[in-house]
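Engineer: Structure for this input, please:
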Amino acid sequence: MSEVLVALDVGGTGMKCALVSPSGEIVHAERHATGADRGPEAVTATILDVAEGLAGKARADGLRPVAAGVAVPGVVDETRGMAIWSSNVGFRDVPLRDLVSARLDLPAALGHDVRAGGLAEARLGAGRGAAHVLFVAIGTGIAAAHIVAGRGFAGAHGAAGEVGHVVVRPGGTPCGCGARGCLEAEASAAGVARRYASLAGTPATAAEVVAKAAAGDQVAQHVWRLTIELLAEGLLTAQALYDAEVIVLGGGLAEAGDVLLDPLRLAVRERLTFHREPRLARATLGDEAGCVGAALLALDLVGSPA
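Structural biologist: This is a model prediction of the structure:
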């Protein structure tokens, strides 16, 4: 009987859920609404119900679930298996790992969503083969995961990798964290859309700004150039801290592909002093990375090779 891992990647609006083989192949996938507006207790109940349903699906299909992994946003204590805090889901000190383990009667792991995505990209995706990988997710916000030899580092309090809150423009755009000029406020997808709307007087998503820039819109081109400069400054700070071999860029803004990567490589190179230049690569696992990473966390519990 083939073994599978139950994996859930919980986001603010949706959950990506799957049965994953020990080699990282998704055998069965589902999507569910998070329903964060119902409160953290309801979200926790949904996680448990979905995980139980996945385990049941596996058994019905002649598969054997051996462990479960759940990735969530916010501050996560992976050692204790606690979802400490999350602004978009509402978790406050939820012992999610133990709740999942008790419901499924299986070993369970709890991880941070970005670190899980970084783990998947480092082991199976764009960072495969590199010992030192920094995964940077650039979407509505910006966060990073530092993966060394296939293991993620959470920091002393579960909050490592918050490069989105490196200040790149002192006194700049107000950030949700309370500071001003954070990389996330200035250069995330939300920041790109906000700056374009402010300058052009019309709303546009980050993807639309990229398209407008390619079509010759001068305001969009200005916004995109500034975004590249800001991201380069943030990544240079990250490189000074982490000395990564490869920086893997994921999240919605990375969907711009070479329109992002080519000028960003040049902008980073122009700013290098003592730093070793990292290889910049686009994430290859897409929005399945967090789910695959959750499965890898579960896999590590039972000791099977990926």
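
Engineer: domain assignment for the chain?
Structural biologist: In the domain annotation for the chain, the residue ranges read 3-117+287-302, 130-283 (automatic domain parsing).

Engineer: Show me what the mean pLDDT comes to for the first one.
Structural biologist: Meaning domain 3-117+287-302. For domain 3-117+287-302, the mean per-residue pLDDT is 95.

Engineer: Ends of stretch 158-177, what's the gap?
Structural biologist: 17 Å (CA to CA, to the nearest Å).

Engineer: still on that earlier bit, wait, which of the domains of the chain is closest to residue 124?
Structural biologist: domain 3-117+287-302 (4.8 Å; CB to CB). The C-beta positions use only the backbone N, C-alpha and C, and glycine is treated the same way.

Engineer: In contact with residue 179, which residues are there?
Structural biologist: Going by CB atoms under 8 Å, 6 or more residues apart in numbering, residue 179 touches 165, 167.

Engineer: let me fix that: residue 57
Structural biologist: 19, 28.

Engineer: quick one: it and residue 45, what's the gap?
Structural biologist: For residue 57, the distance to residue 45 equals 19 Å [CB to CB, to the nearest Å].

Engineer: Residue 192 now?
Structural biologist: 36 Å.

Engineer: So between these two, which is more surrounded?
Structural biologist: residue 192 (27 against 14; other CB atoms under 10 Å).

Engineer: Hmm, the more buried one is touching residue 208, no?
Structural biologist: No: counting by CB atoms under 8 Å, residue 192 stays clear of residue 208, with 9.6 Å between them.

Engineer: Give me the spatial nearest neighbour of residue 32, chain neighbours excluded.
Structural biologist: residue 15 (4.6 Å; CB to CB, 6 or more residues apart in numbering).

Engineer: OK, contacts around that neighbour?
Structural biologist: Contacts of residue 15 (CB under 8 Å, 6+ apart): 8, 9, 31, 32, 33, 34, 46, 47, 50.

Engineer: Nearest to residue 122 among these?
Structural biologist: residue 9 (16.2 Å).

Engineer: Tell me how many other residues surround residue 209.
Structural biologist: 25.

Engineer: quick one: it is in a strand?
Structural biologist: No: according to DSSP: H, G, I helix; E, B strand; the rest coil, residue 209 belongs to no strand; its state is helix.

Engineer: Going by neighbour count, which of the contacts of residue 15 are buried?
Structural biologist: Those of the contacts of residue 15 that meet the buried threshold are 8, 9, 32, 34, 46, 47, 50, by 16 or more other CB atoms under 10 Å.
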